[in-house]
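Student: structure for this input, please:
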Amino acid sequence: MVEVPSSVGTTASLSLRLGQTVLAFGSLLFMTIGVRFYQFTAFCYLVTIMSLAIPWNLTLAVVDIYCVLLNQPFQKPRILLVISIVDWVVSVLALASASSAASVVDILRSDESSCPPTICNRYQFAATLAFLT
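Tutor: Got it, this is the predicted structure:
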């Protein structure tokens with residue numbers, strides 16, 4: 001197989017996976033710590049998807065670390081196909097959850113009695129981190 005830049009088992013892939021994990025964890029942290037996110041379905045959806053993205057990205061980061069330490073690229077076509085499909089599904093779900101959370105924040109910003117500015121800013125930052133994931 002031809003080695004593609006940032007494919008599974010390279011240092012570029014490892015850095016991308018760790019970046020995705022940190023951003024997903026940050027989004028989860030800002031959404032859940034000290035804030036009542038469970039009142040809105042979009043926020044629950046964001047928390048659920050980020051909770052799924054973290055172990056997926058950490059698992060692939062471990063695979064990348066193993067391949068980098070052995071100095072051998074990952075070249076199993078069927079497993080790469082599964083990784084590609086699951087990555088696609090997780091990315092679509094993450095984009096959908098970030099979009100829905102951002103739209104709910106926009107609606108909530110119009111009524112300051114339902115969402116104080118400090119809490120809305122935390123929701124907005126969590127949605128931004130989810131977009132970057």
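Student: any idea how far Cys120 is from the residue lying farthest from the centre of the chain?
Tutor: Computed with Cα atoms, centre = their mean, the maximum C-alpha offset from the centroid of the chain is found at Ser113, amounting to 30.2 Å. From Ser113 over to Cys120 the distance is 12 Å, taken as Cβ to Cβ, to the nearest Å. Every C-beta, even on glycine, is put in place using the N, C-alpha and C of the backbone.
Student: and if you look at Thr128?
Tutor: Relative to Cys120, and taking Cβ to Cβ, Thr128 is found at 12 Å.
Student: in this structure, where's the longest helix?
Tutor: The residue-count maximum for a helix in the chain (DSSP state H) belongs to helix 77-109.
Student: what's the neighbour count on Trp88?
Tutor: 10 (other Cβ atoms under 10 Å).
Student: per-residue confidence at it?
Tutor: Note on Trp88: pLDDT of 93.
Student: quick revisit: which strands and helices sit next to the longest helix of the chain?
Tutor: When contacts are defined as 3 or more Cβ pairs under 8 Å, 6 or more residues apart in numbering; DSSP states H and E, helix 77-109 sits against helix 11-32, helix 41-70, helix 117-132.
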